[in-house]
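Q: What shape does this take:
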Amino acid sequence: MQVIDDMFTFFVILIVVTLSFAGAFFMLRSPSSDGGDATIVDVFYDTYLMLLGEISPPDSYLGDWIRILFVLYTIVNLIVMLNLLIAVITDTFDKIQDGADQARAKELLNLVVRYQKLTNDRGND
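A: This is a model prediction of the structure:
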């Protein structure tokens, strides 16, 4: 359950970053080739595909700024977000491991106390 709580924060950050880049792509996008304007949903879908590994931006993305933004987006999402995800999961694992060590020590202490009570009761007989 701890992992899910920590992952929620990661997913919120991922969604905010993806939506931010989608907004930037939307502003820099050229009109679509069929004459209609692309909606923000179309651009968000394209941005989501880039997040999943789509190598090149769609043909409707033209210009140097869009290429710079595309490179920046792939660097942020592939490198920074994956490192953030690894850090979150590692931190959660460490927290859970510390709790397990404490529980193990508590159980060992309870075992020693029961053993002492048992030996004291036998010594009194």
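Q: where in this protein is pLDDT low?
A: For the chain, applying pLDDT under 70 flags the ranges 1, 30-36, 55-63, 123-125.
Q: Who are the packing partners of the strand or helix carrying Tyr48?
A: In the assignment (DSSP states H and E), Tyr48 maps to helix 40-51. When contacts are defined as 3 or more C-beta pairs under 8 Å, 6 or more residues apart in numbering; DSSP states H and E, helix 40-51 packs onto helix 2-28, helix 64-74. Bear in mind the C-beta positions are built from the backbone N, C-alpha and C, glycine included.
Q: Identify whichever of these lies nearest to Leu82.
A: When the helices and strands packed on helix 40-51 are compared by C-beta to C-beta, helix 2-28 sits nearest Leu82, at 10.4 Å.
Q: Wait, Ala24 touches Ile68, no?
A: No. Counting by C-beta atoms under 8 Å, Ala24 stays clear of Ile68, with 10.4 Å between them.
Q: Looking at the two, which has the bigger crowd around it?
A: Ranked by neighbour count (other C-beta atoms under 10 Å), Ala24 and Ile68 place Ala24 first, with 17 against 11.
Q: show me the contacts for that one.
A: Leu69 (C-beta atoms under 8 Å, 6 or more residues apart in numbering).
Q: Pull up the gap between it and Ile75, please.
A: Using C-beta to C-beta, to the nearest Å, Ala24 is found at 14 Å from Ile75.
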